[in-house]
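Chemist: Here is my input; please provide its structure:
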Amino acid sequence: MFVSRFDGQSKLLVRSLLCGTSGALRALDVFHRQQRVNPDMSLCPFMETLCQDEVTCPQTEDQPLTVEPLVCLFPALFKHNLLSFVYLVHSVLPRPAVRRLLECLTQDPRPSPWVIALVRQLERATGTHDDPPLYTPLCSQRLEELSQRLVGFGETGGWAACLSGPTVESDSQNASGSSVLRTQWKRKGRFVTLDSDCEETGQRSKRMKMDVSGGECCDVDEWSTKEETSGRSESAARAETLGEELQPAPDGPCDALPEHIKVSVLQIKELLENQTEVEVFCSMLSFPDLPEQTLPNLCSSILTPALDFSYSTAATLIRSLLLQKVLSLSEPASRCLVTAVTSLCSRYPRPACHALIGPVLEEKNMGNSQAELLNRLIEGCLDSHYRLLVLQMTFKISWGEAVLSVIHSVLDSKPDFSEELFTQFSEQLLSQGPQFTKSVKFAKMMLTVLTKYNRHVTAAHKHSLQGCLMVNETFLKKSLQAALKRITPA
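Modeler: I've put the predicted structure just below:
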């Protein structure tokens, strides 16, 4: 709802900032591309719109209407991405505009700690205040308590042992008087004492699988303590080894990927950065055969980092990962497939149009499932320029009911038609219309053209469209003729 407050260029920035935790980098990429097209582009209209007052409706009848800056009505993640983006580009922004935005964010009745910290960081960067602290008093107190807990831990095990949950103490530390449960964990004739609140964790750790180098796993009972040969004391080695064993494996985005992809993530990134033979690379890793549930993780692991692919590389990746899966749809796309398609289409709209949307439109057996997915991309991922590009792609193919659905979706989004393009579109209506005399979908599309785009209809267009409507056999025929009759060409 709030996106409509912005102009065309600013809408792209807003949509980028709403795209997850990588929104700031996406917005920066959009900004740089807009600058390349228009070197005189300014972010001032974008900042001014964010600072405009907006009337908010009360949640209950007894509450009065309130007025808040528009930026305060966006979700916390948007504000976080916005401030990160502004910090990256604040050197090219007018200081008053940045200060006004920060003042608006301080009026937020629902402040987020991260947003507060980022506001203070920007205030420090712009010289609004003299070195404001980036943390709250409560945060300072917790950091002090955490630092006190670290006293006595070795250099290699301090933070890891503290943050892993249960605190492991050596035999010399157990004499300090803290409550200790006489639970012992036996392994190869040696004993290690655990804190009292770690009984269940200690038992579960015996069954836990731990990742080791080379991708192999072994039980904790079979783990060999190689630290004994390093010259450290035996008790310190036992404490550090157990502290590492009790920590679960990191739950990152790569964990759900197939094994042959997971072990190659670094090589994948290196290959993509070097612009090597991407098609051969995608074929070797069997990208077209990957299960759909792995696609979101793969996209976040490889495509989200600050890698700015060329057009050809992005098109090849999109074609290899998604095209066959979209073409083979016989039912609505799964959530995983939709997530992967929308993320790639938002980041690389032009390659997505040519490598995915175009080939799907050209498919003779394109069905409703494919049309539904393309409509979601048109509505949520493409701006006016790329929507018109999709429309132009339909001029080169024979229309069917599914293609009509896509064209109708483009028209509903109200792209900015040029006179030449509308003339080409009207010619397509006349040439392809005779096969849809009984099609309600075609009639609804025509009604959209005559009502939403009547200012584009010239006298020549009106005369041609009159003949097209004469052969229409649907229940909308009279409505179509009435809409055409109301048009008065300039």
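Chemist: Next, give phi and psi for Asn472.
Modeler: Note on Asn472: its backbone torsions stand at phi -70, psi 140 [degrees, to the nearest 10].
Chemist: could you list every residue that touches it?
Modeler: 437, 443, 446, 480 (C-beta atoms under 8 Å, 6 or more residues apart in numbering). For every residue, glycine as well, the C-beta is placed using N, CA and C.
Chemist: most surrounded residue in those residues?
Modeler: Met446 (26 neighbours; other C-beta atoms under 10 Å).
Chemist: mind checking pLDDT for the closest residue to that residue other than its chain neighbours?
Modeler: For Met446, ignoring the flanking residues on the chain, the nearest one in space by C-beta to C-beta, 6 or more residues apart in numbering is Leu480 at 5.8 Å. At Leu480, the model reports a pLDDT of 90.
Chemist: Leu480 belongs to a helix, doesn't it?
Modeler: Yes: counting by DSSP: H, G, I helix; E, B strand; the rest coil, Leu480 falls inside a helix.
Chemist: how close does it get to Glu473?
Modeler: 11 Å (C-beta to C-beta, to the nearest Å).
Chemist: domains in the chain, as residue ranges please.
Modeler: 2-134, 148-245, 252-381 (automatic domain parsing).
Chemist: Which of those domains has the lowest mean pLDDT?
Modeler: Among the domains of the chain, domain 148-245 scores lowest, at a mean of 42.
Chemist: what about stretch 358-367, how long is it end to end?
Modeler: One end of stretch 358-367 sits 14 Å from the other (C-alpha to C-alpha, to the nearest Å).
Chemist: Buried ones in it, by neighbour count?
Modeler: 358, 360-361, 366 (16 or more other C-beta atoms under 10 Å).
Chemist: cool, and stretch 34-49?
Modeler: 34, 43, 46-47, 49.
Chemist: nearest to Glu379, of the contacts of Asn472?
Modeler: Taking C-beta to C-beta as the measure, Glu379 sits nearest to Met446 out of the contacts of Asn472, at 20.7 Å.
Chemist: that's a strand at that closest one, yeah?
Modeler: No: counting by three-state DSSP, Met446 falls outside a strand, being helix.
Chemist: Can I get stretch 95-110 in PDB, CA atoms only?
Modeler: Provided in PDB are the C-alpha atoms of stretch 95-110 (Å, rounded to 0.1, in the frame of the first residue of the first chain):
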ATOM      1  CA  ARG A  95      23.100  16.300   5.100                       C
ATOM      2  CA  PRO A  96      19.700  18.000   5.900                       C
ATOM      3  CA  ALA A  97      17.900  15.200   4.100                       C
ATOM      4  CA  VAL A  98      19.700  12.500   6.100                       C
ATOM      5  CA  ARG A  99      19.200  14.400   9.400                       C
ATOM      6  CA  ARG A 100      15.500  14.800   8.700                       C
ATOM      7  CA  LEU A 101      15.100  11.100   8.000                       C
ATOM      8  CA  LEU A 102      16.900  10.300  11.300                       C
ATOM      9  CA  GLU A 103      14.600  12.700  13.200                       C
ATOM     10  CA  CYS A 104      11.600  10.900  11.700                       C
ATOM     11  CA  LEU A 105      12.900   7.500  12.800                       C
ATOM     12  CA  THR A 106      13.400   8.800  16.400                       C
ATOM     13  CA  GLN A 107       9.600   9.400  16.400                       C
ATOM     14  CA  ASP A 108       8.900   5.700  15.900                       C
ATOM     15  CA  PRO A 109       6.500   4.500  18.700                       C
ATOM     16  CA  ARG A 110       7.800   1.000  18.000                       C
END
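Chemist: Pull out the buried positions in that stretch.
Modeler: Quick answer for stretch 95-110 (16+ other C-beta under 10 Å): 97-98, 100-102, 104-105, 108.
Chemist: same thing with stretch 371-387?
Modeler: Quick answer for stretch 371-387 (16+ other C-beta under 10 Å): 371-378, 381-383, 386-387.
Chemist: So which of those is the closest to Val67?
Modeler: Nearest to Val67 among the buried residues of stretch 371-387, with distances taken as C-beta to C-beta, is Asp383, at 30.6 Å.
Chemist: The closest one contacts Cys345, correct?
Modeler: No: using C-beta atoms under 8 Å, Asp383 is not in contact with Cys345; the gap is 11.4 Å.
Chemist: And the strands in this protein?
Modeler: With DSSP state E as the criterion, the chain has strands at 53-56, 66-69, 180-187, 190-195, 209-211, 217-219.
Chemist: ok, and the closest non-adjacent residue to Ser346?
Modeler: That would be Cys381: by C-beta to C-beta, 6+ apart, it lies 4.7 Å from Ser346.
Chemist: could you measure that neighbour against Gln324, distance?
Modeler: Separation of Cys381 from Gln324 (C-beta to C-beta): 20 Å.
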